[in-house]
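Novice: quick one, fold the following:
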Amino acid sequence: MSKRPLRPTTLVAAILSAITFTTAGTAAAAAPAHHGAAPAPSAVSRIEDQTARAIAVALTDPALRAQVRSAALSSHEVDLQALSGRATTASGKALHSRLQSADRRIAAAKGLDAKVGSLLRLRLGADSMRTALTAESEPLVASAGASDDSTTLTAYDSRGRAHKLDTRSVPNRPVYVVDIDESRAVAAGMAILHKAFAEHGLSTPAATTMDAAGWWATKVDAVEVYDDQEPWFKGDAEMFSLVTGFGLDGKARVDSVDMPYLNNDNTVYYPNQILVNWSNYKYNLADVVMMEDDGDTNYLSLAQALTTALLTIADQGTYIPLVNAVLNAMPTSWWTDDPDYVESWYTLAQGSTGRLNGASGNGWMTVEPYFVQQF
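Specialist: Next up is the predicted model:
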């Protein structure tokens, strides 16, 4: 699921120009973005593309082709390492070795420990292709790493030849899409962020100040993100939020919140999820930046950039929004199908309740104060 209401380079400028900072930290909606030139493919996208071509060529093996077809028809997505690990032919075993190497390279490119395991997945490009995926069909293989803005998608046949597909319409010919298990990647990435924030004192729990009976939180009752330009080859979204404010020690604070249920656009979800633990914050205000991992997020670099930026911000004795600091911490090159900006909410208060529209008009959430009791 693509989130593309604003381009990052114009997003930061739009927020800085459209947001009026006052002592209360009020903010206006961000301005529309201007689309620039298509960015160069990222390291993860290149690896996915190379993997797609290797799989396409390997499908000349009838046994492997039948194995992949059966797996694709019986599951939403297929673990490529697990699938190729069961191969008995020479081509299947050779593909397995190549996939192991690709998974390690992807983990490194995303700043994750190699212990994260298999990340590469394969699925049919669309459910409508299921009837066309017969034993006699010759499916193409493409990578999901192409930019959301691309009008064409490169797919490969069994001879390794490239074919250009229209991203705006689903092909009649079946297409396998190579993608990343974003759910696993985001979970591992959140662990990287949590560790880095804690090591730099940006997310240290403030248990000593907590009321003996419990603590107040902001709970998300419902949330929806808009997007009506999703290309057919993209899979489910994997989103997370960064909650920023000032901790009790006066330092900028950031807490990462995984939101794995947010898979589809124009769909209302009812997570009843805790978003902010107010016992950790000095002021009764915080900001929320929602982002999506579109495949290329390097979580180690993200953690380093955020900690470097936020550690330079001092408490001025009054609350100031930190959204622009978060976004400015990210180099322009990271926004190549990287941690896509989805939406932001400024000056979320401890007492906020009801529907809150996002600053860029790409989503909303309904929140309420919630007291978490201690037992």
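
Novice: what packs against the helix or strand containing D179?
Specialist: Assigned by DSSP states H and E, D179 belongs to strand 175-180. Counting contacts by 3 or more Cβ pairs under 8 Å, 6 or more residues apart in numbering; DSSP states H and E, strand 175-180 packs against helix 43-58, strand 120-124, strand 140-143. Where C-beta positions appear, they are placed from N, C-alpha and C, glycine not excepted.

Novice: how far away is Y281 from S74?
Specialist: Y281 is 48 Å from S74, where distance means Cβ to Cβ, to the nearest Å.

Novice: between the two, which one's more packed in?
Specialist: Shown here are Y281 and S74; by other Cβ atoms under 10 Å, Y281 has more neighbours (21 against 8).

Novice: any weak-confidence spans in the stretch 151-300 of the chain?
Specialist: For the stretch 151-300 of the chain, the stretches with pLDDT under 70 are 204-212, 227-230, 294.

Novice: thought V223 was touching M365?
Specialist: Yes: the pair V223 / M365 is scored as a contact, 4.1 Å apart, by Cβ atoms under 8 Å.

Novice: need the helices for this structure, in chain order.
Specialist: With DSSP state H, the ranges of helices along the chain come out as 8-18, 43-58, 62-74, 80-85, 90-109, 182-199, 299-310, 323-328.

Novice: any idea of the angle the third one forms with helix 90-109?
Specialist: With axes from the mean of the first three to the mean of the last three Cα atoms, to 10 degrees as the criterion, the two stretches helix 62-74 and helix 90-109 enclose an angle of 50 degrees.

Novice: which residues does helix 62-74 contact?
Specialist: Helix 62-74 is contacted by residues 55, 58-59, 78, 83, 86-89, 91-92, 95, 122-124, 130, 133, 135, 139, 176 when judged by Cβ atoms under 8 Å, 6 or more residues apart in numbering.

Novice: about what we covered before: how about the helices of the chain, which one is nearest V257?
Specialist: Closest to V257 of those, according to Cβ to Cβ: helix 182-199, at 8.4 Å.

Novice: and the closest one, how far from the chain's centre?
Specialist: Computed by Cα atoms, centre = their mean, to the nearest Å, the separation of helix 182-199 from the middle of its chain amounts to 12 Å.

Novice: and what of stretch 174-194?
Specialist: For stretch 174-194, the distance to the chain centre is 8 Å (Cα atoms, centre = their mean).

Novice: show me the chain divided up by domain.
Specialist: Under the assignment automatic domain parsing, the domains of the chain span 8-34+182-373, 43-180.

Novice: could you check how far P271 is from Y346?
Specialist: Going from P271 to Y346 by Cβ to Cβ gives 21 Å.

Novice: these two: who's more crowded?
Specialist: Y346 (23 against 16).

Novice: so the more buried one sits against P321, correct?
Specialist: Yes: Y346 lies in contact with P321 (Cβ under 8 Å); the separation is 5.1 Å.
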